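Asks: Predicted model and sequence below, questions to follow.
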Amino acid sequence: MSAPLVAPDSPFGDWDGTPAGARLLQLELAERVVLQDDFPVLRLIAGVDVGFEEGGSITRAAAVLLDADTLEPLAERLVRIPTSMPYIPGLLSFRELPAVLCALAELPRVPDLVFCDGQGIAHPRRLGIAAHLGVASGLPTIGVAKKILVGTHAELGSKRGDQVPLMYRGDVLGTVLRSKDGVRPLIVSPGHRVSLASAPGLVMACVTHYRLPEPTRLADRLASRRAGYSPPA
DNA sequence: GCGACAG
DNA sequence: ATCTTGTCGC
């Protein structure tokens, strides 16, 4: 048998490398997103996030595996890869996904659900990095962003747990969620194999004493190489 | 044409 | 995201 000539399984298939091509690919991949809950068991949750070194030339992706019930970290992995694309609003996954997939693959076990820093379907073409990660990995994912990319929403209460739908062009694309009293709300949207209705609850179940849920909070600490422990108990 | 714009 | 000390506020 002949050895495969070329088959570098890029997470972007046959992308031509241009921003225009990336947008077209997003439209195709968005059709594969499943917005129904599909995770029979929920024992392991992973959190992923990205950071940079050397003024941006090196991309650092962190993946943390936690026990879904106790939220105790079971394992964490960090990968460093040369940055291949600049940040372009709406095309974030093309810059960060390669590194994220590597870090996720390094985990000792496959998670039942993945929390990703950034938007899920709350995106111009319904394919934020969390949704793209879900379609690319096949895993259930939820996007947990700190800011809105697109969409508007009604006024939000100031107490922990308060939430209002994020609207965009007549559709509900996510939930603006107050994870703690008085803090800036989180923008939660389904990535893949998770419904719009259950995403907020899944995120709140992972919030302890901080604004960010444990999965992405720990991954964020690792990716941004910020040390620090978690005092209050 | 003029802004807005995840990380 | 990242560059960076102290400072205002709950």
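Replies: Okay, I see it.
Asks: For the longest helix that chain A contains, the averaged confidence score.
Replies: What stands out as the longest helix in chain A, according to DSSP state H, is helix A:92-106. Mean per-residue pLDDT for helix A:92-106: 98.
Asks: So is that helix next to DNA strand B?
Replies: Yes - Helix A:92-106 is in contact with DNA strand B by C-beta under 7 Å from any atom of the strand, via A:92-93. The way it works is simple: take the backbone N, C-alpha and C, and place the C-beta from them, glycine included.
Asks: could you say what helices and strands that helix packs with?
Replies: Where contact means 3 or more C-beta pairs under 8 Å, 6 or more residues apart in numbering; DSSP states H and E, helix A:92-106 is packed against strand A:44-53, strand A:58-67, strand A:73-82, helix A:129-137.
Asks: cutoff 10 Å now
Replies: With contacts taken as 3 or more C-beta pairs under 10 Å, 6 or more residues apart in numbering; DSSP states H and E, helix A:92-106 sits against helix A:19-30, strand A:44-53, strand A:58-67, strand A:73-82, strand A:113-117, helix A:129-137, helix A:214-223.
Asks: quick one, what contacts the residue in chain A that DNA strand C sits nearest to?
Replies: At 3.2 Å from DNA strand C, residue A:51 is the closest residue in chain A, using C-beta to the nearest atom of the strand. Counting by C-beta atoms under 10 Å, 6 or more residues apart in numbering, residue A:51 touches A:58-62, A:78, A:80, A:96, A:99, A:219-226.
Asks: Emit the PyMOL select command for whichever of those residues are buried.
Replies: In PyMOL, this line selects whichever of the contacts of residue A:51 come out buried by 16 or more other C-beta atoms under 10 Å:
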select buried, chain A and resi 59+60+61+62+78+96+99+219+220+221+222+223
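Asks: out of the contacts of residue A:51, who's near DNA strand C?
Replies: Counting by C-beta under 7 Å from any atom of the strand, A:223-224 from the contacts of residue A:51 sit close to DNA strand C.
Asks: for the host helix or strand of residue A:174, packing partners?
Replies: If you go by DSSP states H and E, residue A:174 is part of strand A:171-177. In this structure, strand A:171-177 makes packing contacts with strand A:141-145, strand A:163-168, strand A:186-192, helix A:199-204, judged by 3+ C-beta pairs under 10 Å, 6+ apart.
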